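Novice: prediction below, plus the sequence it came from.
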Amino acid sequence: MPEKTTVGWNTIIAGYALHGYSEEALDLYYEMQDSGVKMDHFTFSMIVRICTRLASLEHAKQAHAGLVRHGFGQDIVANTALVDFYSKWGRLDDARNLFEKMPLKNVISWNALIAGYGKHGRGIEALELFKRMIDERMTPNHVTFLAVLSACSYSGLSDQGWEIFESMGTDFKVKPRAMHYACMIELLGREGLLDEAFALIRDAPFKPTVNMWAALLTACRVHKNFELGKFAAEKVYGMEPEKLSNYVVLLNIYNSCGKREEAASVFHTLKKKGLRMLPACTWIDVKKQQHMFISGDKSKSDVQIIKNLKKLMLKIANHGYVPKKNSLLPDVDEREEQMSLYHSEKLAVSYGLMNTTSSTQLQLVQSHRICADCHLALKLITKATGRVIVVRDASRFHRFEDGKCSCGDYW
C-alpha cells in the first residue's frame, strides 16, 4: 500500500489477533506507532484485548496511557476493554476505580466488572454490583446472568444462585440458555449433589450441550463418582469426537474406575488416528517480553531456573507440600504427570520470581488445565513468598494468594 491509513493498520492488526497471532498483532501495533499514523479508540481497544489474551500488564498499562494521551480517556469501548483486562487478571481495585470514573457505562461495562469479581472468588461483591446495576435501571442480558451465576457458583452462594436463575424468565424476560444451566450444574456439583445435577441435565428444555456434560464430569472427578463420570465423559467424547483432549478424558476415567479393556480400546483409537497429546505450555510476560515454558523440557530451561525451582519445592515442603500422585485431570496424560517437578507452570513461576520485584503479581497463561500437583504447589508458593499469582488455564482463572485459590479447589 502506498499509504497506510488508520483503518488499514487496524484491519491488519485485528486480522492477526482474530486468528490467534497475538504477539505478531502487538508487534504491528508498535510498527503503527513508529509510522506516525494516528491511532483511534478502536486501535487501543484491540490492543487491550490482545494484552488480556497475553496477560501483559505492562503493554496494557502503556496502551491505557496512550488512550488518555490521544484524547480517548472517556471512550466507553476502550475503557470497557480496560475494565475487562484489569478484572480478568485480578486487579479489581484498578478495574473498579476505572469503572467508577467512566461518565457512561453500558451493559458490557457492568458485565466485565461483575465477571471479574466472580472469577476471583468475590461473589458477594459481584451480587452487590448486580443489584446496583438493576437499581440504576441498566437492563441485564444473558451475559450478565452468566457472570452472576458463575460468581454464585465460584463462591458457593447456592441460595442466591437459584433465586437469580429462577428470576431470569419471570422478572427479566431472559430465557435461560445452556450456559446458564451449565453454571447451575456446577453449583450443584460443588455441593456434591451429583444426582440433582444429572437431573437438571436430563430435564433441560433443550438438548444438553457439551459444556453441561463437562460441568457434570468435573463434579464427578472432584467427588470421585467414576461411574457417572464415565457416562458424562462418553457424552462429551461423543459430541466432540475429533477433539484430542476428549480421548484423554475418557482414557483417564476408564483407568480410574478399573475399566482396563475400555481404556485400551480408547488408547488404540488414539494411536490409530496418529493423535498424541502435546506437552502443556505456559507463557509469562516479564518486562514486556513473552517467555514460554514447556512441560518436561529441561533443555530450554536455564540452570538457575531449575535450581531456584528446587529451592522453592524445599521451601513449600515446610508448609506441608507433598507431591500429589494419581491426580490425573481430564486433559493431562500420565507421562506428563510423571514429570511434575518440570511442569511448565512451575518453571514459569520460578522464572517470574527470579526476574520481578517482590511486589509484582505474576500472570501466567496455561495451555491445558492446571494439574492438582501444580495447583497445590502454587498455593503454597504464594504462602511462602507473599506473592500473588494469577493463572488462566484451559478451564478458568485461578488467583493464588496467601495459600488459597479463588476456585476453591474446584476446577
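Specialist: That came in fine, so what should we check first?
Novice: and the gap between Val390 and Leu26?
Specialist: Val390 sits 20 Å away from Leu26, going by C-beta to C-beta, to the nearest Å. The C-beta positions use only the backbone N, C-alpha and C, and glycine is treated the same way.
Novice: got it, and Lys243?
Specialist: Between Lys243 and Leu26 the computed distance is 29 Å (C-beta to C-beta).
Novice: list the contacts for Gln33?
Specialist: Going by C-beta atoms under 8 Å, 6 or more residues apart in numbering, Gln33 touches 39, 66.
Novice: what does the helix or strand containing Met184 rub up against?
Specialist: Per DSSP states H and E, Met184 falls inside helix 178-190. The contact list for helix 178-190 (C-beta under 8 Å, 6+ apart) reads 142, 145-146, 149-150, 152-153, 156, 158, 161-162, 165, 168, 194, 196-197, 200-201, 204, 206, 208-209, 211-212, 214-216, 218-220, 222-223, 408, 410.
Novice: one more pass at 7 Å, please.
Specialist: 145-146, 149-150, 152-153, 156, 158, 161, 165, 196-197, 200-201, 204, 206, 209, 211-212, 215-216, 218-219, 410 (C-beta atoms under 7 Å, 6 or more residues apart in numbering).
Novice: got it, and stretch 381-393?
Specialist: Applying C-beta under 7 Å, 6+ apart, the contact partners of stretch 381-393 are 55, 89-90, 312, 315-316, 319, 345, 349, 353, 361-366, 368-370, 378, 397-403.
Novice: 8 Å instead?
Specialist: With C-beta under 8 Å, 6+ apart as the criterion, stretch 381-393 contacts 55, 88-90, 312, 315-316, 318-319, 345, 349, 352-353, 358, 360-366, 368-370, 378, 397-404, 411.
Novice: under a three-state scheme, what state does Lys38 occupy?
Specialist: Of the three states, Lys38 takes coil according to DSSP: H, G, I helix; E, B strand; the rest coil.
Novice: and it, how many neighbours?
Specialist: 10 (other C-beta atoms under 10 Å).
Novice: for it, what are its contacts?
Specialist: Lys38 makes contact with 6, 70, according to C-beta under 8 Å, 6+ apart.
Novice: identify the residue nearest Lys404 in space, chain neighbours excluded?
Specialist: Lys379 (6.3 Å; C-beta to C-beta, 6 or more residues apart in numbering).
Novice: related to what we said a few turns ago, ok, Lys243 and Leu26, which is more surrounded?
Specialist: Counted by other C-beta under 10 Å, Lys243 and Leu26 do not tie: Leu26 has more neighbours, with 24 against 15.
Novice: which parts of the stretch 1-150 of the chain are helices?
Specialist: Assigned by DSSP state H, counting those that start in this stretch, the stretch 1-150 of the chain shows helices spanning 6-18, 22-35, 41-54, 57-69, 76-88, 92-101, 107-119, 123-135, 142-154.
Novice: other SSEs contacting the fifth one?
Specialist: Read that as helix 76-88. Under the contact definition 3 or more C-beta pairs under 8 Å, 6 or more residues apart in numbering; DSSP states H and E, helix 76-88 sits against helix 41-54, helix 57-69, helix 92-101, helix 107-119.
Novice: now list the buried members of the contacts of stretch 381-393.
Specialist: Buried subset of these (neighbour count, 16 or more other C-beta atoms under 10 Å): 55, 88-90, 312, 316, 345, 349, 352-353, 361-366, 368-370, 378, 397-401, 403, 411.
Novice: and stretch 150-169, how far apart are its ends?
Specialist: Stretch 150-169 stretches 18 Å from its first residue to its last (C-alpha to C-alpha, to the nearest Å).
Novice: next one: that stretch to chain centre, how far?
Specialist: 20 Å (C-alpha atoms, centre = their mean, to the nearest Å).
Novice: which residues are contacting that stretch?
Specialist: Contacts for stretch 150-169 (C-beta under 8 Å, 6+ apart): 114-115, 117-119, 121-124, 126-127, 130, 145, 148-149, 174-176, 180, 183-184, 186-187, 190-191, 406-408.
Novice: low-confidence stretches in the chain?
Specialist: Applying pLDDT under 70 to the chain flags residues 1-2, 277, 298-301, 325-339.
Novice: repeat that for 50
Specialist: Along the chain, the parts satisfying pLDDT under 50 run over 327-330, 336-338.
Novice: quick one, phi psi at Gly286?
Specialist: In this structure residue 286 is Val, not Gly. phi -130, psi 120 (degrees, to the nearest 10).
Novice: let me know whether it touches Asn355 as I believe.
Specialist: Yes: judged on C-beta atoms under 8 Å, Val286 makes contact with Asn355 at a distance of 5.1 Å.
Novice: more crowded one of the two?
Specialist: Ranked by neighbour count (other C-beta under 10 Å), Val286 and Asn355 place Val286 first, with 18 against 14.
Novice: so who does the more buried one touch?
Specialist: 351-352, 355-356.
Novice: at 10 Å what do you get?
Specialist: The neighbourhood of Val286, defined by C-beta atoms under 10 Å, 6 or more residues apart in numbering, consists of 56, 58, 348, 351-352, 354-356, 360, 362-363.
Novice: now, the residues you listed that are in helices?
Specialist: Per DSSP state H, helices hold the following members of the contacts of Val286: 58, 348, 351-352, 354-355.
Novice: okay, among the residues you listed, which ones form the most distant pair?
Specialist: The largest separation in those, counting by C-beta to C-beta, is between Glu58 and Met354 at 17.4 Å.
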